[in-house]
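J.: Sequence first, predicted model second:
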Amino acid sequence: MSSFKIGILGAGIGGLTAAIALHRAGHDVVVYEQSKQFLRVGADINLTPNAVRALDGLGIGEAVRRTAARPTHRISRTWDSGEETSRLEMGDTAEKKYGAPQLTIHRADLLAALAEVFPAERVQFAKRAETITEGAQGITLNFTDGTTDKVDVLIGGDGIHSAVRSAMFGKESPRFTGVVAFRAVIPADSVAQVPNLQAFTKWWGPNPESQIVTFPLNCGKDIFIFATTAQETWHLESWTTPGSVQELRDSYAGFHPDATALLDACDEVLKTALYERDPLPHWSKGRMTLLGDASHPMMPFMAQGAGMAIEDAVVLARCLEKVATIDGIAEALQTYQELRLERTSKIQIGSRGNNWLREGGNADWVYGYDAWSVPLEVETDAETV
């Protein structure tokens with residue numbers, strides 16, 4: 001294997017995971033991040049066994065477990081009656097079945113665990129790409145601060161507004177889905193009367209847009225609340241803004257007392273607009289490629305956004321590990337795309353419908369996927385586990 005200079009735009013979950021895997025494979029990896037530093041912002045994340053197994057393969061599973069919670073079950077309940085329609089054992093049972101547990105963690109804690117094992121000097125902050133061009137000698141990035149850099153390979157891990165995506169395929173705006181999300185965190189001891197607090201519980205609402213999801217955080221000391229509802233328009237400049245606790249409670253006033261008790265315990269909430277794109281037919285071009293939300297932004301209803309970015313990163317690094325010369329990079333990126341496209345598109349579309357595991361069903365095709373053992377041949381069915 002040859003060593004290449006690889007640039008990664010975006011120091012998010014997918015970008016840092018790819019950076020770690022590629023750096024350990026011997027490449028010269030530089031991460032460009034538009035923020036001035038790592039900030040404790042963002043949502044809380046559900047890492048299902050497929051994502052945890054991928055992180056374990058990088059040797060950072062122990063660091064992730066230090067601050068994560070470990071849900072006991074995945075439970076579905078009906079919004080008004082409270083009836084349980086499915087209960088899937090997680091915890092030790094999931095670890096025995098899938099080789100890794102489900103973990104729930106704050107995004108900032110996951111990023112900290114990733115940053116801990118990637119050389120800090122290889123992350124350049126306050127770097128917003130202004131132009132990206134590919135030529136015979138490599139890919140040139142011009143940044144808004146006036147600096148320039150050149151790399152052999154460029155990976156767009158820069159989210160739904162990806163500059164790398166725009167450089168490859170032109171500018172395109174994501175669609176507002178007509179759904180907004182409320183996010184809040186409450187102390188577990190403030191709602192001790194609610195059952196199954198240490199489980200991942202989904203309350204299915206009266207329509208596909210309406211749900212309340214709760215799961216433990218911070219080793220079980222806190223409970224994260226993620227609730228979605230329909231809204232016709234979104235006029236605010238920011239996708240995320242401080243929300244009204246009263247609006248949150250009013251939106252789910254008819255839900256079961258176990259659900260409303262959680263909302264009554266909230267003293268502050270964030271409100272976020274949810275956006276999406278259709279699955280891309282391809283996301284590699286020349287020596288540039290995409291991963292995570294830059295290539296397949298998805299609704300949160302299957303809780304696989306972070307997981308797909310992590311899987312992408314591992315498979316991408318494995319594909320590039322096989323490349324002997326620069327001339328083989330474009331083919332390796334095409335192979336990566338083909339290995340991931342069917343799976344991510346299926347989950348991207350499935351996440352829109354909000355019917356995942358409502359009545360039970362088989363989670364094996366999602367949770368049982370192992371990014372470290374997928375055969376690196378295009379003709380192989382990447383859904384086989």
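T.: Yep, that arrived. Residues are numbered from 1 along each chain as shown.
J.: avg pLDDT for the top helix by length along the chain?
T.: Ranked by residue count under DSSP state H, the longest helix found in the chain is helix 329-353. Taken as a whole, helix 329-353 has an average pLDDT of 94.
J.: Can you list the buried residues in it?
T.: By neighbour count with 16 or more other CB atoms under 10 Å, helix 329-353 contains the buried residues 329-330, 332-341, 343-345, 347-348, 350-351. Using the backbone N, CA and C atoms, a C-beta is placed for each residue, glycine as well.
J.: Per-residue pLDDT of the residue nearest to residue 219 when sequence neighbours are not counted, please?
T.: Counting by CB to CB, 6 or more residues apart in numbering, residue 69 is the residue found nearest to residue 219 once chain neighbours are left out, at 5.7 Å. Looking at residue 69, its pLDDT reads 96.
J.: How about residue 379?
T.: So, for residue 379, pLDDT stands at 56.
J.: Which strand residues bridge the residue nearest to residue 219?
T.: As for beta bridges, residue 69 partners with residue 104 under DSSP bridges.
J.: residue ranges of the strands in the stretch 251-385 of the chain, please?
T.: Here the stretch 251-385 of the chain has its strands, by DSSP state E, counting those that start in this stretch, at 270-276, 284-285, 288-290.
J.: for the protein, what helix or strand is lowest in average pLDDT?
T.: When each helix and strand of the chain is scored by mean pLDDT, DSSP states H and E, strand 240-242 comes last, with a mean of 86.
J.: before we move on, back to that, what helices or strands is the longest helix of the chain leaning on?
T.: strand 284-285, strand 288-290, helix 305-321 (3 or more CB pairs under 8 Å, 6 or more residues apart in numbering; DSSP states H and E).
J.: Packed most tightly, which of the ones you listed would that be?
T.: With neighbours defined as mean count of other CB atoms under 10 Å, those peak in mean count at strand 288-290, which reaches a mean of 28.
J.: about what we covered before: tell me who's in contact with the residue nearest to residue 219.
T.: 103, 104, 105, 198, 215, 216, 217, 218, 219, 220 (CB atoms under 8 Å, 6 or more residues apart in numbering).
J.: For the stretch 251-385 of the chain, give me the ranges with low pLDDT.
T.: Segments of the stretch 251-385 of the chain classed as low confidence (criterion: pLDDT under 70) are 378-385.
J.: One more: the stretch 1-150 of the chain?
T.: 1, 40-42.
J.: same thing but 80
T.: Within the stretch 1-150 of the chain, the ranges that satisfy pLDDT under 80 run 1-2, 38-43.
J.: is it true that residue 223 touches residue 201?
T.: No - Residue 223 is beyond contact range of residue 201, at 9.7 Å (criterion: CB atoms under 8 Å).
J.: Spell out which residues are contacts of both of the two.
T.: 214, 215.
J.: on that earlier part again, in ChimeraX, how would I select the buried members of the contacts of residue 69?
T.: Buried residues within these, by 16+ other CB under 10 Å, are selected in ChimeraX with:
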select :103,104,105,198,215,216,217,218,220
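J.: Turn the contacts of residue 69 into JSON lines, columns for distance to residue 239.
T.: Below are those laid out as JSON lines (distance: CB to CB, whole Å):
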{"residue": "103", "distance to residue 239": "26"}
{"residue": "104", "distance to residue 239": "22"}
{"residue": "105", "distance to residue 239": "22"}
{"residue": "198", "distance to residue 239": "30"}
{"residue": "215", "distance to residue 239": "22"}
{"residue": "216", "distance to residue 239": "26"}
{"residue": "217", "distance to residue 239": "22"}
{"residue": "218", "distance to residue 239": "25"}
{"residue": "219", "distance to residue 239": "29"}
{"residue": "220", "distance to residue 239": "30"}
